[in-house]
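Q: sequence? don't have it. structure:
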Ligand code: HEM
């Protein structure tokens, strides 16, 4: 090693000692004239090799890779700016349509954030992305910042290890029998949070609803996972989560002054907080102290008031009540179709494979966005129209493999039933106690990984007993 280092130092020394070409003797300048063409040929060869390898032209027996230009490694941005601008303005559909026109194929490739991304078509692409096993596609296709912040645990598990983890989580947390036990806790949290932040406001008061709902959800999760009910303690976590999530889709520079650095610091504080809470919870458990649009609105009121009427003495919601909220669930599905929480299924090729006559290379990211599936006018009638009735008959208004609010198949969201429960319970209590309207109905919903309300989500609430 020492010899190699010495050789490198020597070569660097020689290189640095090459005299200025404008003041050289003839033998020195001929050396420079020799070096330049060699460098030129070397750089050209590297670029050509990269292009050939990137385009998969080296293997004559294989079909070609999908069409679409790739950027030069390291220095090339490719479609990064174009895609990010379209994504944040909710114009992914226009971006995809333009690319399909440019490439002449619904399956195409490009470079985003320095990675080769292959966009697949729906429904076939969604079917592949959600049903392929880990030897073909792995769940690793997220930006580096997101991966470092969020994917440290669950997403890094593969194959048998992943199955064991998922079974464990289902047995101890996400199973339907366990969720039924959580229902009273979820409902109490919703009612308490509504009482704390929403009740008692004067008629027509304006509320920042997004932030309030986030507090509500944090309260539910911290009580379910940690048995934590102290609202002051929970209040400390909220700003940390805000800072943490702001770093999910940024350039991952871990230096003071950068967002990613701030998010990692917040992550450390959250972990410290959670560790303290887990220690406290374990101690409690050991000591045995722990205890376990107008028509749509009218239809929702109809469904929920019927449930409320069927109960005497203001009894709590039951699992059967949740199961009977069928129209409400269609409204929620349609809401997530129009504004998906997670707007793409993302995987990474774990091996070379073929798709529709194209070779997808190992390491390439493989995506199918909701713009190509659940918002695609070729697959869904009038995709921009909010119409919960499309979910009345499974697979008809919304064909199979075109809609994936919780993902599908092997890596489907394990929190789906919990998410569903919290949303339905919250909706029930909101409908019961409030009427509301948007303060700024023209305000856009934009994206920074997750959707957010441009200018806040102010709503005007009027408290009452609506059923
Ligand atoms: C409305 C609420 C929710 C929505 C819309 C949602 C949506 C999703 C989606 C689209 C995925 C990606 C699936 C894929 O790539 O195929 C996912 C994964 C995941 N979700 Fe959810 N989710 C929700 C609530 C929750 C909750 C409440 C939890 C846990 C408490 C949770 C835990 C997870 C985990 C651990 C994964 C990773 C699964 C894997 O890697 O296999 N989610 N979710």
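A: Done, it's in. Computed from a predicted model, the values in this text were never measured in an experiment. Residues are numbered from 1 along each chain as shown.
Q: near the ligand, which residues of the stretch 1-150 of the chain?
A: Residues of the stretch 1-150 of the chain lying close to the ligand by C-beta under 6 Å from any ligand atom are 130, 139. From N, CA and C alone the C-beta is placed, and that goes for glycine too.
Q: residue in the stretch 1-150 of the chain nearest to the ligand?
A: At 5.1 Å from the ligand, residue 139 is the closest residue in the stretch 1-150 of the chain, using C-beta to the nearest ligand atom.
Q: any idea how far the ligand is from the spatially closest residue to that residue that is not a sequence neighbour?
A: The spatial neighbour of residue 139 that comes closest, neighbours along the chain excluded (C-beta to C-beta, 6 or more residues apart in numbering), is residue 411 at 5.2 Å. According to C-beta to the nearest ligand atom, to the nearest Å, residue 411 stands 3 Å off from the ligand.
Q: per-residue pLDDT, residue 411?
A: At residue 411, the pLDDT value in this model is 90.
Q: same deal with residue 154?
A: At residue 154, the model reports a pLDDT of 70.
Q: Residue 139 too?
A: 73.
Q: is it true that it touches residue 412?
A: No: Residue 139 is not in contact with residue 412 according to C-beta atoms under 8 Å; the separation is 11.1 Å.
Q: Comparing the two, which shows the higher neighbour count?
A: residue 139 (22 against 13; other C-beta atoms under 10 Å).
Q: mind listing what that one touches?
A: The neighbours of residue 139, taking C-beta atoms under 8 Å, 6 or more residues apart in numbering as the test, are 155, 346, 347, 348, 411.
Q: Quick check: of those, which has the highest neighbour count?
A: Using other C-beta under 10 Å as the neighbour criterion, residue 347 leads the contacts of residue 139 with 24 neighbours.
Q: What confidence value was assigned to the closest residue to residue 191 other than its chain neighbours?
A: Nearest non-adjacent residue to residue 191, counting by C-beta to C-beta, 6+ apart: residue 429, 6.0 Å away. For residue 429, the model assigns a pLDDT of 94.
Q: Helix or strand: which one has residue 429?
A: Using DSSP states H and E, residue 429 maps to helix 416-433.
Q: Is any residue of that helix near the ligand?
A: Yes: Helix 416-433 reaches the ligand (C-beta under 6 Å from any ligand atom) through 418, 419.
Q: now swap in stretch 189-200 and tell me
A: No: applying C-beta under 6 Å from any ligand atom, one finds stretch 189-200 out of contact with the ligand, separated by at least 13.4 Å.
Q: buried stuff in that stretch?
A: 189, 190, 191, 193, 194, 197, 198 (16 or more other C-beta atoms under 10 Å).
Q: now, which of those residues lie within helices?
A: Residues of the buried residues of stretch 189-200 located in helices (DSSP state H): 189, 190, 191, 193, 194, 197.
Q: distance of the last one from residue 181?
A: Think residue 197. 26 Å (C-beta to C-beta, to the nearest Å).
Q: ok, now residue 447?
A: Distance, residue 447 to residue 181, using C-beta to C-beta: 36 Å.
Q: repeat for residue 268
A: According to C-beta to C-beta, residue 268 stands 33 Å off from residue 181.
Q: What of residue 363?
A: Separation of residue 363 from residue 181 (C-beta to C-beta): 44 Å.
Q: Where does residue 265 fall, secondary structure wise?
A: helix 259-286.
Q: Kindly report the same for residue 221.
A: Taking DSSP H and E as the criterion, residue 221 maps to helix 209-226.
Q: about what we covered before: what's the angle between the helix holding residue 265 and helix 209-226?
A: If you take axes from the mean of the first three to the mean of the last three C-alpha atoms, to 10 degrees, helix 259-286 sits at 40 degrees to helix 209-226.
Q: Would you agree residue 209 is in contact with residue 457?
A: Yes: the criterion here is C-beta under 8 Å, and residue 209 meets it with residue 457 at 4.8 Å.
Q: which regions of the stretch 251-400 of the chain sit below the pLDDT cut-off?
A: Applying pLDDT under 70 to the stretch 251-400 of the chain picks out residues 285-292.
Q: what does it have sitting close to the ligand?
A: By C-beta under 6 Å from any ligand atom, the residues of the stretch 251-400 of the chain that approach the ligand are 341, 342, 345.
Q: Try it again at 5 Å.
A: Neighbours of the ligand within the stretch 251-400 of the chain, by C-beta under 5 Å from any ligand atom: 341, 342.
Q: Could you pull out the strands in the stretch 51-200 of the chain for me?
A: Ranges of strands in the stretch 51-200 of the chain, per DSSP state E, counting those that start in this stretch, are 108-112, 115-119, 137-138.
Q: Direction included, what does the second one pair up with?
A: Using DSSP bridges, strand 115-119 pairs in its sheet with strand 108-112 (antiparallel), strand 365-369 (parallel).
Q: In a markdown table: these, plus mean neighbour count.
A: Formatted as a markdown table, these follow (neighbours: other C-beta atoms under 10 Å):
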| stretch | mean neighbour count |
| --- | --- |
| strand 108-112 | 23 |
| strand 365-369 | 24 |
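Q: Quick check: which of these is nearest to residue 75?
A: strand 108-112 (11.1 Å; C-beta to C-beta).
Q: what's in contact with the closest one?
A: So strand 108-112 is contacted by 65-71, 76-80, 83-84, 99-100, 102, 116-119, 364-365 (C-beta under 8 Å, 6+ apart).
Q: switch the cut-off to 7 Å
A: By C-beta atoms under 7 Å, 6 or more residues apart in numbering, the residues outside strand 108-112 that reach it are 65-71, 76, 78-80, 83, 99-100, 116-119.
Q: List the buried residues in stretch 404-416.
A: Going by neighbour count (16+ other C-beta under 10 Å), the buried part of stretch 404-416 is 404, 405, 406, 407, 408, 410, 411, 413, 414.
Q: Done for today, thanks.
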